[in-house]
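# with the input below, show me the fold.
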Amino acid sequence: MSVPDVSVIVGAYEAMPYLVRCLESVEAQTLPADRMEVIAVDDGSTDGSGEYLEKFAAQTDLAVRVVRQPNSGGPSGPRNVGLGLARGRYVFFLDADDHLGEEALERMVAMADRHGTDVVLGRIKGIDRTAPKSMFQDGNLARTDVFSSNIKYTLSAQKLFRRALVERHGLRFDESLTTGEDALFTLDAYLRADGVSVVADYTCYYLVGRDDGKHATKRGSYTRRFDSARALMRLIEERVPAGPRRDTLMVRPFVITILPQFGPSFLALGEEVARHKMELAKPLMDAYWTRGVAARLKVHQRLRLHLVAKDRADLLVDVLAFLKAKKTPQTVLERRGRRAYLAYPHFRSASAGIPDSVYAPSEAETDAIAGFRPPRRRPGLGAARRMALKVWRTRKRDLAAS
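Predicted coordinates:
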């Protein structure tokens, strides 16, 4: 039996009627049917999803294997079952709510084969949902990595992965997580991959918003969000040495997972839940909040997380009320415009004691500040040149004194 190019893994739970469009998009692929296989796992559905999968398998020309199992409680179980059965050179995880562009698999396989990369991202379009965009703005990328591009901002599982990479490192989805499990898998794959490619000139994946509110990403309490952030931060800590590269990756869980827990909606929480969120955040702030991470954030992001790290919910609510009212902070320029601050609440308040550096705008923010003049920087000198210059100046001073 020949090895297919792609194993399409579809995990389905209460997926009707979206499952119909999902499977139609696989059947419509320009990649020939004999170069694909579908592994569909029904995770204990009660809405007819399992029966539809069996009907589809009986009627299509595609090689389809259907597995029906009791509900596992999350998407990780079905995906791991699919991985265990996959035979393709590549695997693609397709959510049963979503669907593919007709040329998606053909284009992504061609990109991986042409450039020898282990992971391929295809452009995503949201249907009644927002979709990540920044990683596609620079056009097609033949070969990149998680440090030199924005691919860290799309850690969903809907990518093409070289199966040899997955099996060589024993990559599987963490079944203890019910949200953020795909971020853990995908980031680990990025870090281990021999290159990542990006297909930006064709919409490969349609991310569909369900009108019944049952989409997996909308389920789960805030405690599970902290669980997923903790797992991702631990992975980054284990796989990337401390320094700028680690800080670059840590921005992602701080901004995408933790920061939303301390947005304006925090103001409406009861005292018990608000306190619990602060308690859940504290060990993560203590372990992973660094100057390098803080420097990469906008002022309002940095300020909120600084207050969380200092356990100052009393000050945080003032900042959140300011943001909720959509107020604009005053710009404070000093040193003839070479130093700037954005005066969000408690700027230079003696009782608050927040360092001025927390209010210093990021590079992106300074671009919009009228009258700001970036500090002049002297060209860098190597250590040897600096030492030689110091010796020369000392000798010149001694000669002048003699």
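# contact partners for residue 7?
By Cβ atoms under 8 Å, 6 or more residues apart in numbering, the contact set of residue 7 is 36-39, 82, 85-88, 90-92, 163. Every C-beta, even on glycine, is put in place using the N, C-alpha and C of the backbone.
# that one sits in which helix or strand?
Using DSSP states H and E, the element containing residue 7 is strand 6-12.
# you'd agree residue 172 is in a strand?
No: according to DSSP: H, G, I helix; E, B strand; the rest coil, residue 172 belongs to no strand; its state is coil.
# how far away is the spatially most central residue of the chain from residue 203?
The centroid of the chain falls nearest to residue 153 when counting by Cα atoms, centre = their mean (3.4 Å). Here residue 153 is placed at a distance of 18 Å from residue 203 (Cβ to Cβ, to the nearest Å).
# which residue ranges of this protein form helices?
Ranges of helices in the chain, per DSSP state H, are 18-27, 49-59, 76-85, 104-115, 163-168, 181-192, 222-239, 244-252, 271-288, 291-295, 299-309, 313-324, 363-366, 383-401.
# what residues of the biggest strand by length in the chain count as buried?
Scanning the chain for the strand with the most residues, using DSSP state E, yields strand 196-208. Within strand 196-208, the residues scored as buried using 16 or more other Cβ atoms under 10 Å are 196-200, 203-208.
# what of stretch 2-12?
4-12.
# can you put the residues you listed in JSON lines and add pLDDT and distance to residue 347?
Formatted as JSON lines, the buried residues of stretch 2-12 follow (pLDDT from 0 to 100; distance: Cβ to Cβ, whole Å):
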{"residue": "4", "pLDDT": "97", "distance to residue 347": "60"}
{"residue": "5", "pLDDT": "98", "distance to residue 347": "57"}
{"residue": "6", "pLDDT": "98", "distance to residue 347": "54"}
{"residue": "7", "pLDDT": "98", "distance to residue 347": "55"}
{"residue": "8", "pLDDT": "98", "distance to residue 347": "53"}
{"residue": "9", "pLDDT": "98", "distance to residue 347": "51"}
{"residue": "10", "pLDDT": "98", "distance to residue 347": "52"}
{"residue": "11", "pLDDT": "97", "distance to residue 347": "49"}
{"residue": "12", "pLDDT": "97", "distance to residue 347": "52"}
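# what about the stretch 51-200 of the chain, any weak spots by pLDDT?
Within the stretch 51-200 of the chain, no stretch has pLDDT under 70.
# pull the number of nearby residues for residue 147.
Look at residue 147: counted by other Cβ atoms under 10 Å, it has 15 neighbours.
# next one: residue 230
Neighbourhood size, residue 230 [other Cβ under 10 Å]: 20.
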